[in-house]
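Asker: I'd like to go over a predicted model; first the sequence, then the structure.
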Amino acid sequence: VVRAIRLIKLQRAIPGQTLGHIAPPVRAPAAPHGAECAWPVLLLFWLIPVLMQLRHSQPVQMHYLLPTYPAPFIIMAWVIDAALRRARRRAVQWVGAVMLAGVLSWQSFTYQALLAFVAAHDTAPGGYGLPARNGLLLAAEARQRAAEVIVVTPGSDPNVDEQAAIWDVLLAGAPHRFADSEAGLILRPDGAQYLFTPSSRQAYERLRELLPADIAAAAVFTQPVRVGSQATYILLHMKSVDLLGRGVISASNRLPKWEHGVSLLGQRIEMTPARSHLRIDLFLGVESPASAGTDYHWFNHVLVDGDKLAQVDGGGIHPANWRVGDVLWHWFDLPVPPGGAARPAGNRLGSYRYPQIENLMLTRPDGSVGDGVEIPIALHTLQR
């Protein structure tokens with residue numbers, strides 16, 4: 001259409017000539033406004049991160065160069081576009097278009113081949129994560145139950161932990177929160193829906209050990225991460241759980257309570273068969289929501305005759321995932337010095353703000369106030 005309009009204008013400007021005798025002027029389209037300035041900006045955008053990596057003493061990883069995107073792709077597109085614009089012969093333009101279409105087709109084919117390979121092979125050592133297909137199936141199954149999902153995975157912060165970030169996306173729009181499988185679980189007396197990722201199998205086994213009857217009666221849906229894989233996702237829907245009747249928590253109204261609104265409901269301390277570690281299980285009741293942006297850690301000091309034999313600290317369930325009515329199950333594995341396995345008599349438990357390391361006050365059962373509570377240890381060996 002543009003070509004025809006140009007020819008009509010030329011015919012009017014030169015009376016007596018026919019359209020067939022007039023050759024339209026051939027000119028390269030003018031460069032977009034600001035193109036002269038964009039070239040050096042794009043080159044610097046691309047080169048500066050590359051030059052900065054030359055000072056590294058370690059091998060450069062691909063993700064170190066993410067700041068260069070999308071500059072190299074814009075430069076490539078700009079070069080191709082400029083070459084096609086300046087081609088005088090239509091055959092050259094067609095050849096360039098066919099070559100470009102071939103490159104795009106080949107990239108699409110290789111990408112689909114990569115997806116098929118990842119779906120059938122463990123590619124974690126190469127930097128590729130789990131295939132998304134079966135994770136999406138499990139997320140759809142969890143949504144059908146219309147209940148909050150407690151996602152159990154190593155690390156519970158979607159901002160920095162890979163699996164938490166993935167499931168935060170897969171469950172977008174559905175109520176969900178996270179429990180760090182290395183630190184503990186969230187128990188709900190009114191029942192809960194859990195989603196265990198493959199790397200959190202140990203947390204699932206701990207829950208089966210604590211509440212075997214409830215697990216046996218629960219609805220369980222398993223999904224392998226890929227065909228033929230031994231690693232599986234587990235979706236567990238538990239109905240109401242009688243933690244009091246099973247001796248997990250205490251019925252006493254006089255319980256140690258911290259100023260952040262958490263009470264100590266019960267504890268178990270067991271010795272591993274090798275007598276090298278104490279396994280400490282703490283059950284804490286959430287009576288009020290935590291303030292936004294706060295973080296609390298917990299300390300355990302194993303005492304003998306008032307002297308500290310060993311200690312272990314940990315974050316447990318992050319306060320961002322607390323809800324009123326939760327029973328937080330925190331576990332700690334505490335190495336015991338040689339010769340001290342038969343002597344521990346008490347565990348001094350406390351909480352502090354992190355990273356400020358400011359101890360929180362608590363009210364003890366006798367009404368006194370302090371920064372810790374000492375609990376006698378009824379020690380027995382953990383059976384396996």
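Answerer: Everything's here; your move.

Asker: ok, residue 53 touching residue 60?
Answerer: Yes: the criterion here is CB atoms under 8 Å, and residue 53 meets it with residue 60 at 4.8 Å. Any C-beta I mention is one placed from the backbone N, CA and C, and that applies to glycine too.

Asker: which residues does residue 375 contact?
Answerer: Contacts for residue 375 (CB atoms under 8 Å, 6 or more residues apart in numbering) come out as 264, 267, 346, 347, 348, 349.

Asker: Look up the residues forming beta bridges with it.
Answerer: Taking DSSP bridges as the rule, residue 375 bridges to residue 347.

Asker: re the thing from before, quickly name whichever of the contacts of residue 375 is closest to residue 122.
Answerer: residue 267 (39.1 Å; CB to CB).

Asker: if we can go back for a sec, so for residue 53 and residue 60, which sits in the more crowded spot?
Answerer: A count of neighbours by other CB atoms under 10 Å puts residue 53 above the other of residue 53 and residue 60, at 14 against 11.

Asker: Ignoring the adjacent residues along the chain, who's closest to residue 185?
Answerer: residue 329 (4.7 Å; CB to CB, 6 or more residues apart in numbering).

Asker: Wait, a helix at the one you found?
Answerer: No: counting by DSSP: H, G, I helix; E, B strand; the rest coil, residue 329 is not part of a helix but strand.

Asker: So what's the residue count around it?
Answerer: With other CB under 10 Å as criterion, residue 329 counts 26.

Asker: now swap in residue 255 and tell me
Answerer: There are 19 residues near residue 255, going by other CB under 10 Å.

Asker: tell me how far the longest helix anywhere in the chain is from the chain's mean position?
Answerer: Assignment by DSSP state H gives helix 90-120 as the longest helix of the chain. Remark: helix 90-120 is offset 33 Å from the chain centroid, using CA atoms, centre = their mean, to the nearest Å.

Asker: Show the pLDDT at the spatially most central residue of the chain.
Answerer: The centre of the chain sits closest to residue 164, judged by CA atoms, centre = their mean, with a distance of 2.2 Å. At residue 164 the predicted local confidence, pLDDT, stands at 95.

Asker: Helices along the stretch 101-250 of the chain, start to end?
Answerer: 132-144, 162-170, 201-210, 212-217 (DSSP state H, counting those that start in this stretch).

Asker: out of the ones you listed, deepest packed?
Answerer: Greatest average neighbour count among the helices of the stretch 101-250 of the chain goes to helix 162-170 (a mean of 18), per mean count of other CB atoms under 10 Å.

Asker: so it versus helix 132-144, what angle?
Answerer: Put simply, helix 162-170 runs at 60 degrees to helix 132-144, going by axes from the mean of the first three to the mean of the last three CA atoms, to 10 degrees.

Asker: Mind giving me the packing neighbours of helix 162-170?
Answerer: Judged by 3 or more CB pairs under 8 Å, 6 or more residues apart in numbering; DSSP states H and E, helix 162-170 is in contact with helix 132-144, strand 149-153, strand 176-180.

Asker: export those to JSON lines and tack on distance to residue 95 and mean pLDDT?
Answerer: Formatted as JSON lines, the helices and strands packed on helix 162-170 follow (distance: least, CB to CB, whole Å; pLDDT from 0 to 100):
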{"stretch": "helix 132-144", "distance to residue 95": "38", "mean pLDDT": "90"}
{"stretch": "strand 149-153", "distance to residue 95": "52", "mean pLDDT": "96"}
{"stretch": "strand 176-180", "distance to residue 95": "53", "mean pLDDT": "96"}
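
Asker: Can you say which of the ones you listed is nearest to residue 229?
Answerer: helix 132-144 (9.2 Å).

Asker: That closest one to strand 149-153, inter-axis angle?
Answerer: Note on geometry: by the same axes, to 10 degrees, helix 132-144 and strand 149-153 are set 150 degrees apart in direction.

Asker: helix/strand/coil for residue 278?
Answerer: Applying three-state DSSP: residue 278 is strand.

Asker: State the pLDDT value of it.
Answerer: At residue 278, the predicted lDDT confidence score is 84.
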